[in-house]
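Trainee: Whatever this is, show me its structure:
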Amino acid sequence: MENYSKAVNLLTDADVIIVLAGNKMAKLEGLDLLGKGQFEQDFPKFAQKYDVHSIGDAFDQQISSWSEKWLFWSQLIEQYTNHYQPSEAMMNLLKIIGKKKYFVATSIFGHFFEQAGFNENRIFSVFGDWTLMRCSSGINHGTKDDRQVVQAFLAASKKGQNLADLVPQCSVCGQPMELNLPLNDHFYPDTDANTRFRWFLTGNEEENLVFLELGVDETSPQLFEPVIRLVQQFEPWHLIAADYPQADFPLDIQSKSAGLDADTATLIEQLDKNRDF
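Mentor: Just a heads-up that it's a prediction; the model follows:
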């Protein structure tokens, strides 16, 4: 419990909190990218046709037509985003942050933080957001909200209507639109959110700042490895991490960090239960 107390103290003293949220937190919110059983249960025809058994596998699959792609994507977005209900952990995280200044950097692309009530201008989704679509040409023509397209595909599918005419087209070049995710080398990160995040970091270099790592794994090292160097560089910056042994932190940040032998949900629960801020 010693590191829990240390984590609580770090958050109590913090003026700024930066949440780093990865795939393990996505799983808490119902989106398990690598889970096989649930995928096969929810999408049996797709799993059988393409011999894929998880969302991650499906994204790597070459689907036969744009209309089939968009129907499948629409079903994913409908199930995991449109029907999303924030977990207890997510709501407790909001309470933990309270009125402190914050930013969220996340590899979760399900639009969860926005729907849970976090300020959309304080979120950087490093791997995109599947409620947005982009041109498939490889040229950056910007992004557009795709949720009306999702509803149109779902409605037409239920009625047995032709889906080919519903495939969204780029208003600039006429090419089909695709999800704003790193499905291929056409992906452009959200430069506006990235810029806001960088300015936020720059503007808080002298503040008592805590990085709160939640569920980051080997699929998104860019959310964790640079943070170690930042905490080493800036004296008033600290780090709290779930599923990370204290002994694995570099020696020069041992006193500025708290590694918890706990999963994300347990860490958030304990921080909320014991918080004094």
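Trainee: How about residue 204: what's its closest non-neighbour residue?
Mentor: Leaving aside its chain neighbours, residue 204 sits nearest to residue 16 (4.9 Å; criterion: CB to CB, 6 or more residues apart in numbering). Where C-beta positions appear, they are placed from N, C-alpha and C, glycine not excepted.
Trainee: State the phi and psi torsions of that neighbour.
Mentor: phi -140, psi 140 (degrees, to the nearest 10).
Trainee: Give me the neighbour count for it.
Mentor: By other CB atoms under 10 Å, 19 other residues sit near residue 16.
Trainee: repeat for residue 39
Mentor: By other CB under 10 Å, the residues close to residue 39 number 22.
Trainee: Over to the one 5 residues further on?
Mentor: Burial of residue 44 is recorded as 10 neighbouring residues (other CB under 10 Å).
Trainee: where's it relative to residue 229, distance?
Mentor: According to CB to CB, to the nearest Å, residue 44 and residue 229 sit 46 Å apart.
Trainee: Going along the chain, name the strands of the protein.
Mentor: 16-21, 101-106, 123-125, 129-135, 143-145, 177-180, 209-214, 237-242, 257-260 (DSSP state E).
Trainee: Contacts for stretch 226-236, please.
Mentor: With contacts defined as CB atoms under 8 Å, 6 or more residues apart in numbering, stretch 226-236 is touched by 20, 201, 205-209, 211, 213, 237-239, 249-250, 252-253, 256-257.
Trainee: from the middle of its chain, how far away would that stretch be?
Mentor: 22 Å (CA atoms, centre = their mean, to the nearest Å).
Trainee: what do you get for stretch 186-203?
Mentor: 15 Å.
Trainee: got the domain boundaries for this protein?
Mentor: 2-30+86-128+189-274, 37-83+133-180 (automatic domain parsing).
Trainee: Ranking those domains by mean neighbour count, which comes first?
Mentor: domain 2-30+86-128+189-274 (a mean of 18; mean count of other CB atoms under 10 Å).
Trainee: For residue 134, see how far away residue 142 is.
Mentor: Distance from residue 142 to residue 134, counting by CB to CB: 7 Å.
Trainee: can you check residue 60 too?
Mentor: As judged by CB to CB, residue 60 and residue 134 stand 18 Å apart.
Trainee: Equivalent analysis for residue 33, please.
Mentor: 20 Å.
Trainee: With residue 180 instead?
Mentor: Counting by CB to CB - residue 180 and residue 134 are separated by 5 Å.
Trainee: Between the two, which contacts overlap?
Mentor: Shared contacts of residue 180 and residue 134 (CB under 8 Å, 6+ apart): 143, 187.
Trainee: Show me what the helix or strand of the chain with the lowest mean pLDDT is packed against.
Mentor: Least confident helix or strand, the chain: helix 37-42 with a mean of 86, by mean pLDDT, DSSP states H and E. Using 3 or more CB pairs under 8 Å, 6 or more residues apart in numbering; DSSP states H and E, no helix or strand is in contact with helix 37-42.
Trainee: Could you tell me how far it lies from the centre of the chain?
Mentor: Remark: helix 37-42 is offset 21 Å from the chain centroid, using CA atoms, centre = their mean.
Trainee: Give the phi and psi angles for residue 172, as a check.
Mentor: phi -90, psi -50.
Trainee: my guess is it contacts residue 141, does it?
Mentor: Yes - using CB atoms under 8 Å, residue 172 is in contact with residue 141, at 4.4 Å.
Trainee: any shared contact partners between the two?
Mentor: Contacts common to residue 172 and residue 141, judged by CB under 8 Å, 6+ apart, are residue 135.
Trainee: What residues does the closest residue to residue 209 other than its chain neighbours make contact with?
Mentor: The shortest distance from residue 209 to any non-neighbouring residue, by CB to CB, 6+ apart, is to residue 16 (4.2 Å). Contacts for residue 16 (CB under 8 Å, 6+ apart) come out as 100, 101, 102, 204, 207, 208, 209, 210.
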